[in-house]
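how would this look folded up:
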Amino acid sequence: MKRRENKAVTLAILAAAAVAADAVAFPPYRPAGPDTGISGKATGFFHAEETGGVAWVVDPIGRAVFLAGVDWCVSCGYPSRTTGRRAYAETVSALYPSLDDWAETNTARLAEWGFTFLSAGSDKVLRHRALPHADGRDSTYFSIWFCAGGDTDRWIVPYCGKPGSFPNVFSPDFERAARGWAKMRCEGNAGDPWLVGYYLDNELDWAPEGPYSLFDRVRALPESHSARKALEDFVGGRNVTAAIRRGFVALVADRYFSVLCSAIRREDADHMILGCRFAGIPEAPEIAAACGRHCDIVSVNCYPWVDPNGGGVFVRRGGVPFADAFRAFHAAAGKPLLLTEWSFPALDSGLPCTVGAGQRFKTQKERAQASERLLRTVMALPFFVGHSYFSWLDDPADGITDAFLENSNYGLVNDRDESYAELTAMFARVHAGAAALRLAPHCSEMATATTVPKPQTAIQGERGHFFAEAYAARKAGGAATRPFPVGFRQQADGAWTLSNGLVRISGRAGGALMADEIAFGGRVAGRWSALLEWEHEAKVRWTEATRVTDVSFSPDEPTGVGAVTIRAEGAADGIRFAITDRLSLAPGSPEVLAEIVRLENTGPDPIPVRYLFLRPFAAQVAPPKVSKAAVPNLWQAPLEADWLLSDGSRFGFGTRDEAVSSAILWCDAHGAQHPDVRCLGVPPFTLAPGETFLPPRPIGARLRFSPSPSRIQP
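Numbering: from 1, shown residues only. Have a look, this model is predicted:
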């Protein structure tokens, strides 16, 4: 989620906007933030050093600092998508006599809150006053310019007004363009002691589906494309293996970073290169390694998930612990890290908070608590040299542009220039103690308190249940004389039915789906299946379980809950597996509890498991409308999604299970349904032949049905 101008940036515009580079006089550098007591080399410019195993940025006078940054501190604010009005700009005009007054006041506010760094996108009027700055804004990023326009040979992924482009590093124009871009980019910066360094790019499309999918993207280009020719030359007629895919991605990464960094250093050898602001940790370690070889600092945008109750910090909902993930990333990169975007919106801001990255909280108090937990975790990891909070200002309630619909409470201030007191007070307090935390012998405490349960690999009896803690199979002759409130029938041909009078679920042993019909009040709303996400030759694969092999009924006498346990098998590319799900009904409940119980490797080869999927298919979808979660990743609230059925009713689910990391129900251009409810609850792992994986607890969601308003009787 980045701010950008709603137009293609051309070389001519960049040239016109460049500052004349003849002898520029800069104000004398003044240090920002508290004295850490750590000294390094006084080179006259910012650089990175390590002292006692802790990485720091050292300022021009030799003082070590922890970079505490903020993104997009701009006086113009953001336009309303529907009206074009810039509410914050109107506020600035009303409150401040001039932009200089705004800049002086707000650099002072940032310094009071402990910020020591103006990161990406901030106004130039803020520079050389109280805080050092980075050089990085959408109009200066290489790929936004190089990938825009009609020359398809210049990009592997085009620039379309939002993050996700990728330049063709094999283009005949690449090196020449990089030199021209660097000349303009560095002009006017020579000798500036306030400049920390340069960001090359922002959130390039390295690998949306698997660590080495860039290989497949290039292979799909026309044969005449220079990147496709480079790939064919690299493969050289060999069979494509995982090693070849990795090698090609490593080649692309090294060429990207080496050419751009060399071009920058040819024009400005004094300032650091701060990486390319990865959109999360790239899965391929070769990408991190290439960035570390050529850049001084490796920058990553990441919107983590915090558990305020348990104290854990994770890279995303249902993901691996934040500290574990970034330790591995740092080991691959070999250079200090800078967290360049993160945020936690809150609903009491009055903004919808339905679009945009990040975990949501209900109140500003919760927002500040989560922010403190994440900030202390970053400070405690010795390879982080700083962070940059996103952002100075809230989004407009109706979004910014059609490409950027973000409407969330990301700001330190709102559009009335009012600060969020709990958040800014927390920043002031925690930033003041950064040096003490990083130098303390127990500084890794925050970073190590984020472990998650390890997967079990042996069946140890039935697991816990949301409706009842245990199941007890009825003994022969021991059935209750009264009818069991949830009925189960299975016929000789394998067909079965589970019903509580309100909901009926049916399927067939030997069938392709785990449940052929899920009906609510006689209305068939959906079906149920299972899917495994795994890795094959460094490429992500999705394989359905396509044959039901076993169906059994488990009644719980004390609660009246009845459950059908369904085991289904799947196979692809040499692997074989079985997934067991459980569908449960409670007496009088109009909902279904659907759970993943276990995964088995039934084949001779190990399976690199990435995710399991809950799979609620709809009976008849009303295309193209799809309902998503109203507020994504809201702490202590269900993750929800619904299909809009053809008669206006809805079929979907809600869950509070943190093992469910994301959910979207959608149809592709051919009308095929994709009920993508991704979950696992532990880090990805390899399941050995014959091994069984049990989640730390069954992964569950409640299926529900909402009738069309026209079907509801008055």
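
domain assignment for the chain?
The record assigns the chain these domain ranges, following automatic domain parsing: 11-33+65-208+263-448, 487-707.

and the ones you listed as CSV, adding mean neighbour count and distance to residue 41?
To be clear about C-beta, it is placed using only N, CA and C from the backbone, and glycine gets the same treatment. Converted to CSV, the domains of the chain look like this (neighbours: other Cβ atoms under 10 Å; distance: least, Cβ to Cβ, whole Å):
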stretch, mean neighbour count, distance to residue 41
domain 11-33+65-208+263-448, 20, 13
domain 487-707, 19, 39
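
using the three-state scheme, assign the residue nearest to residue 542 when sequence neighbours are not counted.
Distances taken as Cβ to Cβ, 6 or more residues apart in numbering place residue 533 nearest to residue 542, at 5.4 Å, with adjacent residues excluded. Using DSSP: H, G, I helix; E, B strand; the rest coil, the structure places residue 533 in strand.

need the contact list for residue 533.
In this structure, residue 533 makes contact with 540, 541, 542, 609, 610, 611, 612, 613, 678, judged by Cβ atoms under 8 Å, 6 or more residues apart in numbering.

that older thread, quick one: which of the domains of the chain is nearest residue 218?
Closest to residue 218 of the domains of the chain is domain 11-33+65-208+263-448 (Cβ to Cβ; 6.0 Å).

in JSON lines: the domains of the chain, plus mean pLDDT and distance to residue 47.
JSON lines is the format used below for these (pLDDT from 0 to 100; distance: least, Cβ to Cβ, whole Å):
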{"stretch": "domain 11-33+65-208+263-448", "mean pLDDT": "92", "distance to residue 47": "6"}
{"stretch": "domain 487-707", "mean pLDDT": "91", "distance to residue 47": "35"}
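
in TSV, list those domains along with distance to residue 217.
Below are the domains of the chain laid out as TSV (distance: least, Cβ to Cβ, whole Å):
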stretch	distance to residue 217
domain 11-33+65-208+263-448	6
domain 487-707	11
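
any idea how far residue 311 is from residue 44?
Residue 311 is 42 Å from residue 44, where distance means Cβ to Cβ, to the nearest Å.

I misspoke; the intended subject was residue 509.
For residue 509 relative to residue 44 (Cβ to Cβ), the value is 76 Å.

just residue 407 next, same as before
44 Å.

again, but for residue 413
34 Å.

same question for residue 708.
For residue 708 relative to residue 44 (Cβ to Cβ), the value is 70 Å.

let me see the contact set for the residue nearest to residue 226 when sequence neighbours are not counted.
In space, and not counting its chain neighbours, residue 226 is closest to residue 170: 4.8 Å by Cβ to Cβ, 6+ apart. Residue 170 makes contact with 226, 227, 229, 230, 255 under the criterion Cβ under 8 Å, 6+ apart.

pretty sure the second one contacts residue 220?
What it means is residue 227. No. The pair residue 227 / residue 220 is not scored as a contact, 10.4 Å apart, by Cβ atoms under 8 Å.

the two: who's more crowded?
Between residue 227 and residue 220, residue 227 has the larger neighbour count (other Cβ atoms under 10 Å), namely 24 against 10.

and the more buried one, helix, strand or coil?
Reducing the assignment at residue 227 to three states with three-state DSSP gives helix.

contacts only, for it.
Residue 227 touches 156, 168, 169, 170, 171, 218, 221, counting by Cβ under 8 Å, 6+ apart.

same check on residue 307?
Contacts were defined as Cβ under 8 Å, 6+ apart; by that measure residue 307 touches 313, 314, 658.

any chance of JSON lines for these, columns secondary structure?
Shown next, in JSON lines, are these (three-state DSSP):
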{"residue": "313", "secondary structure": "strand"}
{"residue": "314", "secondary structure": "strand"}
{"residue": "658", "secondary structure": "coil"}
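
which one of the residues you listed is nearest residue 418?
For the contacts of residue 307, the nearest to residue 418 is residue 313 (28.6 Å; Cβ to Cβ).

ok, what's across the strand from the closest one?
Beta-bridge partners for residue 313, by DSSP bridges, are residue 306.

test my guess that it contacts residue 321.
Yes. Residue 313 lies in contact with residue 321 (Cβ under 8 Å); the separation is 6.9 Å.

for the helix or strand hosting residue 553, packing partners?
Residue 553 belongs to strand 547-556 when assigned by DSSP states H and E. Where contact means 3 or more Cβ pairs under 8 Å, 6 or more residues apart in numbering; DSSP states H and E, strand 547-556 is packed against strand 487-490, strand 495-499, strand 503-508, strand 561-572.

among those strands, which is nearest residue 273?
Of the helices and strands packed on strand 547-556, the one closest to residue 273 (Cβ to Cβ) turns out to be strand 561-572, at 42.6 Å.

what angle do the closest one and strand 503-508 make?
With axes from the mean of the first three to the mean of the last three Cα atoms, to 10 degrees applied, the angle from strand 561-572 to strand 503-508 works out at 40 degrees.

then strand 561-572 to PDB, C-alphas only?
Taking C-alpha atoms only, strand 561-572 is exported to PDB below (Å, rounded to 0.1, in the frame of the first residue of the first chain):
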ATOM      1  CA  VAL A 561     -23.300 -33.000  19.100                       C
ATOM      2  CA  GLY A 562     -22.900 -35.300  16.100                       C
ATOM      3  CA  ALA A 563     -20.000 -35.200  13.800                       C
ATOM      4  CA  VAL A 564     -19.100 -36.900  10.500                       C
ATOM      5  CA  THR A 565     -15.400 -37.500   9.900                       C
ATOM      6  CA  ILE A 566     -14.400 -37.700   6.300                       C
ATOM      7  CA  ARG A 567     -11.100 -38.900   4.900                       C
ATOM      8  CA  ALA A 568     -10.200 -38.000   1.300                       C
ATOM      9  CA  GLU A 569      -7.200 -38.800  -0.800                       C
ATOM     10  CA  GLY A 570      -5.300 -36.800  -3.500                       C
ATOM     11  CA  ALA A 571      -2.300 -37.300  -5.700                       C
ATOM     12  CA  ALA A 572      -0.100 -35.300  -8.100                       C
END
